[in-house]
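Colleague: next input, structure requested:
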Amino acid sequence: MSKKQASYLDGLLDGGEETSTPERVRPTTLLSRGSALARVQSGEVKQVTQLELDPARVKIWSGNARHYSKLNEHNCADLLDALVAEGGQKIPAIVRRLDGDPDADYEVIAGSRRHWSISWLRKHSYPDFKFLAHVHNLDDEAAFRLADIENRSRKDVSDIERARNYLAAINKHYGGKQRRMAERLKVSEGWLSKMLKVASLPDNVLAAFSSLDDVLLKPAYELAKVYDDNGRRKGIDAEAKVIALEQQALVLGGQKPLTAAQVIKRLVKADGASREPRDLTGYSKYGKTGRLSLSVEACNRQGVTFRVHAGSGEDVDGLTAAFKDMMDKLKASGIIGN
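Modeller: Residues are numbered from 1 along each chain as shown. Below is the predicted model of the structure:
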């Protein structure tokens, strides 16, 4: 975190803490204790409530851009290793107290990965680990700014996620005023404007990307500008649907998906004109048992060959539904007519 960001963070937390006397204080002498108390009373030192919490009684604040559901052993591996090596959490998260919630006593404003990791470790051989947190009094706008400053340095929070988080916050906290929001976040109004434009990209277009983590602000902004053209929107929607099918077929076939750059290039060029049909060979459907039930064996201008896989455990109704779904996707890809 840069000095500028650190200063901004200090300003967010300054004066907003709950104060308390630490439970475990072991001064070496009466003089040192008296000196410490004098510094607290003078305001030179601020005490912050630091608690060891059961993570099951702590929920995640909904205003954070990070998608808690996307956290897993892979993207939290570094933190999991560090927590085990250090014998627990050393850097506290920031939470605020909840009132009237029967399921939780606190909610996390900054520290979602730490919360997930401690929760996971408690279920996997480390039941005594506690969730270490500082308790602060923060309103929703201050909580949003605090979560945002933490997420700016995180590579696992995509520009798309942050952009959508900003779009939700501008009306909720800043009355729709970009300038006011930019001032409060200490960012340029031009940069914020681009983020809000990117947030306007709909889910059906974003579904064309194999991972939103690779979609950067600058190319996404160019795509959003093109999508604003009503004359081209229909073509982009159609191409996005085709690309999404291709991505699925590539993954199921054990191949690498199209990169974000490749997807954006195709979407920006899409104009709704007729295009070559997309080969969906390898596209598959899985039955209720999780086994392969139906797949596209061959796919070209001469026709489409399907393969029904024996031993899938799928019944006739399931196979019929799978076949109908495949036909819909083949229509969308241009392989067969309407």
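Colleague: domain boundaries for the protein, per the record?
Modeller: Segmentation of the chain into domains, based on automatic domain parsing, reads 3-139, 201-275, 284-333.
Colleague: wait, which of the ones you listed is closest to S158?
Modeller: S158 lies closest, by C-beta to C-beta, to one member of those: domain 201-275, at 4.5 Å. The C-beta positions use only the backbone N, C-alpha and C, and glycine is treated the same way.
Colleague: tell me which residues of stretch 220-240 come out buried.
Modeller: 220-224, 226-227, 232-233, 235-240 (16 or more other C-beta atoms under 10 Å).
Colleague: filter those residues down to just the ones in helices.
Modeller: 220-224, 226-227, 232-233, 235-240 (DSSP state H).
Colleague: list just the nearest of these to K197.
Modeller: When these are compared against K197 (criterion: C-beta to C-beta), the nearest one is A224, at 4.7 Å.
Colleague: which parts of this structure are strands?
Modeller: In the chain, the strands defined using DSSP state E lie at 49-53, 58-60, 93-97, 106-110, 131-135, 284-286, 292-300, 303-308.
Colleague: tell me the most buried of those?
Modeller: Of all the strands of the chain, strand 106-110 carries the top mean neighbour count, a mean of 24, counting by mean count of other C-beta atoms under 10 Å.
Colleague: for that strand, which helices and strands make contact with it?
Modeller: Where contact means 3 or more C-beta pairs under 8 Å, 6 or more residues apart in numbering; DSSP states H and E, strand 106-110 is packed against strand 58-60, strand 93-97, strand 131-135, helix 140-151.
Colleague: can you give the distance from the last one to the centre of its chain?
Modeller: Pointing back at helix 140-151 there. Centroid separation for helix 140-151 versus its chain: 15 Å, with C-alpha atoms, centre = their mean, to the nearest Å.
Colleague: same check, this time on stretch 98-105
Modeller: The answer for stretch 98-105 is 24 Å, by C-alpha atoms, centre = their mean.
Colleague: just the C-alpha atoms of it, please, in CSV.
Modeller: Below are the C-alpha coordinates for stretch 98-105, written out as CSV (Å, rounded to 0.1, in the frame of the first residue of the first chain):
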residue,chain,number,x,y,z
LEU,A,98,-24.2,-5.8,14.5
ASP,A,99,-27.4,-5.3,16.5
GLY,A,100,-30.5,-7.4,16.2
ASP,A,101,-29.0,-10.1,13.9
PRO,A,102,-29.7,-13.6,15.4
ASP,A,103,-27.1,-15.2,13.2
ALA,A,104,-24.1,-12.9,13.6
ASP,A,105,-22.5,-10.4,16.1
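Colleague: and the ones in helices among the buried residues of stretch 220-240, which two are furthest apart?
Modeller: Y221 and A238, at 21.8 Å, using C-beta to C-beta across those.
Colleague: where in the stretch 201-338 of the chain is pLDDT low?
Modeller: 272-279, 301-302, 332-338 (pLDDT under 70).
Colleague: list the contacts of A270.
Modeller: Taking C-beta atoms under 8 Å, 6 or more residues apart in numbering, we find A270 in contact with R232, G235, I236, A238, E239, A240.
Colleague: swap in A207?
Modeller: A207 sits next to A240, K241, A244 when contact means C-beta under 8 Å, 6+ apart.
Colleague: L319 reaches L294, doesn't it?
Modeller: Yes - using C-beta atoms under 8 Å, L319 is in contact with L294, at 6.3 Å.
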